[in-house]
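>>> From the sequence below, what's the structure:
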Amino acid sequence: MSELVVIGAGAFGTALAVAMSRDGTRVSLWGRDVGAMAAMRASRINPRLPNVKLPDEINVTSDLSDIRKTGPIIIATPMQTLHNMLDQIDDPLAGRPVIACCKGIDLKTHQGPSKLISNAKPDAIAAVLTGPSFATDIAQGLPTALTLACADESVGLALQHQLSKPMLRLYLSGDVIGAELGGALKNVIAIAAGACIGSGLGESARAALMTRGLAEMLRFSNHFGAQTQTMMGLSGFGDLALTCTSNQSRNFQFGAALGRAEAFDKSVTVEGVATAQAVVEIAKETGLDMPISHAVCDISTGNTSVSEALQSLLARPLKKE
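The predicted structure is shown next:
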């Protein structure tokens, strides 16, 4: 019987555990809150996915020693906590695939998840699982397609076959940088799209933001060696389209609240806020032109209003597309 470890018992980590266990795979689902995990183990319900019962194949645990089992490790924690999470793992994870589902850029190091994994666990095999998906869809078994990016092609192929399920189709890529930057940058553009709709600027303005946002994503990712084809695939355009058009997106919801000048629940993780800040810092170092990212950074930190940011974008010099 195959085994798998999922670190991070939030909605997405739990959804992946449910999806992976449907074919009999044994899954250890780890969460840091001892009390919450005990309650989940007893009820077989994650409050963040109240309509989904956890299969018996899922071992709910708060004991990190459970990761010493064999099999791949999927990490589904917020990006800004990944560094600390890796530090908590005593096992060197030699030769084991460690697959990040985090979507963002680390504020302290300006690195993506694969680089953080490689630095913390140099003998592990870093990979990235990303693309257009919501936890509720995956948990309910609705058709979903994701990108699995791994620099080691043989390991990537093995993971693709092991982790793909009838309703969860994985497409393999060797462009790890492109895959993780697509997942990170689309959150920034989703905040802008939400602010656009929340402030009543309309669908045409959102379409323009998405299109010019994709241009920013390409400009940034190409600078760091990513392939344009990756950014036009599931992990780039696909995720951008979903996140910028659905109210299920936390980044879109946050942007919409900004546009309406409403308070937003501070307990909800909005990955695009930290990513926008990191992108602006990197843009200053590299000279990259990232106007939408700058605007999102300014409005999300309260340095400017949505209307002021729009005026700034519209006042930019006219140029060729």
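
>>> what's the neighbour count on residue 174?
If you count neighbours by other CB atoms under 10 Å, residue 174 ends up with 14. All C-beta atoms are positioned from the backbone trio N, CA, C, and that covers glycine.

>>> Is it in contact with residue 151, as I believe?
Yes: Residue 174 is within contact range of residue 151, at 6.1 Å (criterion: CB atoms under 8 Å).

>>> What are the boundaries of the helices in this protein?
Along the chain, counting by DSSP state H, helices occupy 11-21, 34-43, 82-88, 113-120, 135-139, 153-163, 176-198, 203-223, 228-231, 239-245, 250-259, 271-286, 291-300, 306-314.

>>> other SSEs contacting the shortest one?
With contacts defined as 3 or more CB pairs under 8 Å, 6 or more residues apart in numbering; DSSP states H and E, the secondary structure elements packing on helix 228-231 are helix 176-198, helix 203-223.

>>> Now find how far off-centre it is within its chain.
Distance of helix 228-231 from the chain centroid (CA atoms, centre = their mean, to the nearest Å) equals 17 Å.

>>> same thing with the second one?
Average the C-alpha atoms of helix 34-43, do the same for its chain, and the two points are 25 Å apart (CA atoms, centre = their mean).

>>> Give me the buried positions along that helix.
For helix 34-43, the neighbour count (16 or more other CB atoms under 10 Å) marks 37, 40 as buried.

>>> Check which helices and strands that helix sits against.
Contact here means 3+ CB pairs under 8 Å, 6+ apart; on that basis helix 34-43 packs against strand 58-61.

>>> Apply 10 Å and report the result again.
Here helix 34-43 touches strand 26-30, strand 45-46, strand 58-61, going by 3 or more CB pairs under 10 Å, 6 or more residues apart in numbering; DSSP states H and E.

>>> Output the longest one as CSV - backbone C-alpha positions only.
What that stands for is strand 26-30. This file holds the C-alpha atoms of strand 26-30, laid out as CSV (Å, rounded to 0.1, in the frame of the first residue of the first chain):
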residue,chain,number,x,y,z
ARG,A,26,-2.6,5.9,3.2
VAL,A,27,-2.2,9.6,4.0
SER,A,28,-0.9,11.2,7.1
LEU,A,29,-2.4,14.7,7.4
TRP,A,30,-0.4,16.9,9.8
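
>>> between it and helix 34-43, how big is the angle?
Strand 26-30 and helix 34-43 are oriented at 150 degrees to each other (axes from the mean of the first three to the mean of the last three CA atoms, to 10 degrees).

>>> what angle do strand 26-30 and helix 11-21 make?
Going by the same axes, to 10 degrees, strand 26-30 makes 170 degrees with helix 11-21.

>>> now strand 26-30, how far from the chain's geometric center?
Chain-centre distance of strand 26-30: 20 Å, with CA atoms, centre = their mean.

>>> before we move on, what about the shortest one?
The chain centre lies 22 Å from the centre of strand 45-46; the measure is CA atoms, centre = their mean.

>>> pLDDT on that strand, on average?
Mean pLDDT, computed over strand 45-46, is 98.

>>> I'd like the numbering to begin with 54 instead of 1 from here.
With 54 as the first residue, the last one maps to strand 98-99.

>>> So which elements touch it?
Looks like strand 98-99 contacts helix 64-74, helix 87-96, strand 102-106 (3+ CB pairs under 10 Å, 6+ apart).

>>> Direction included, what does it pair against?
Sheet pairing for strand 98-99, assigned by DSSP bridges, gives strand 102-106 (antiparallel).

>>> my guess is residue 344 meets residue 370, correct?
No: distance between residue 344 and residue 370: 11.0 Å, which falls outside the contact criterion (CB atoms under 10 Å).

>>> got CSV for the helices and strands packed on helix 281-284, with mean neighbour count and distance to residue 73 too?
Listed next are the helices and strands packed on helix 281-284 as CSV, based on neighbours: other CB atoms under 10 Å; distance: least, CB to CB, whole Å:
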stretch, mean neighbour count, distance to residue 73
helix 229-251, 30, 19
helix 256-276, 18, 29
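
>>> Much appreciated, bye for now.
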